[in-house]
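Colleague: Provided below are the primary sequence and the corresponding predicted coordinates.
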Amino acid sequence: MRNTLRMKLITTEMLNDLSRRAAAGPRQRMHHNIHESLDDPIQRLFVAVRFESYFRPHRHREKWECALVVRGLFDVLVFDDAGCVTERVTIGPEAKVTAFEIPAGLWHSWVPMRDDSVFFEIKQGPFHPLGAGDFADWSPEEGSADAARFLAGMRKAKIGECVTAQPL
């Protein structure tokens with residue numbers, strides 16, 4: 001009997017296409033799942049983003065998250081319960097850090113620092129959409145009028161500073 005299993009190849013063209021689709025989408029990001037189903041115990045996906053993409057600060061209460069930046073540059077921010085930055089790390093192939101793992105329960109956000117940035121994320125499954133209590137109540141909802149101002153605030157925030165949606 002012939003083996004029908006095949007390797008899944010991640011090509012430069014696939015990543016380029018993912019970046020093109022991110023640029024065309026309203027959220028300015030697009031993902032490509034490697035895992036077979038949402039029930040998979042380990043979720044694996046590539047996420048391409050544009051500079052304007054807003055990742056609302058959130059936490060995974062009972063699941064860790066691991067990521068490797070394969071293109072571009074991000075700042076990953078970790079917050080306390082009041083929205084003050086406790087950690088800020090620049091991550092990417094040209095940075096000193098290329099990957100990280102966040103334990104369960106930490107408030108965090110991705111801040112794209114370049115267009116066409118891509119990261120590979122691994123997290124515990126099965127997939128469950130984040131609920132209202134998983135998003136920081138001190139941050140604006142994605143798509144809201146304050147989201148762009150909040151993203152601008154995250155771009156500038158230093159460790160110890162609390163992020164707000166200050167006027168641009």
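Modeller: Sure, I can see it.
Colleague: from memory A22 sits against F51, does it?
Modeller: No: at 10.6 Å, A22 does not count as touching F51 under the criterion of C-beta atoms under 8 Å. Every C-beta, even on glycine, is put in place using the N, C-alpha and C of the backbone.
Colleague: Show me the common contact partners of those two, please.
Modeller: Contact criterion C-beta atoms under 8 Å, 6 or more residues apart in numbering; residues shared by A22 and F51: Q28.
Colleague: neighbour-wise, which of those two wins?
Modeller: When neighbours are counted by other C-beta atoms under 10 Å, A22 and F51 differ, and A22 comes out ahead with 23 against 15.
Colleague: Mind checking what secondary structure that one has?
Modeller: For A22, the secondary structure call by DSSP: H, G, I helix; E, B strand; the rest coil comes out as helix.
Colleague: Now for L45, how many residues are close by?
Modeller: Each residue near L45 was counted by other C-beta under 10 Å, and the total is 16.
Colleague: can I assume it sits in a strand?
Modeller: Yes: the secondary structure assignment for L45 places it in a strand, going by three-state DSSP.
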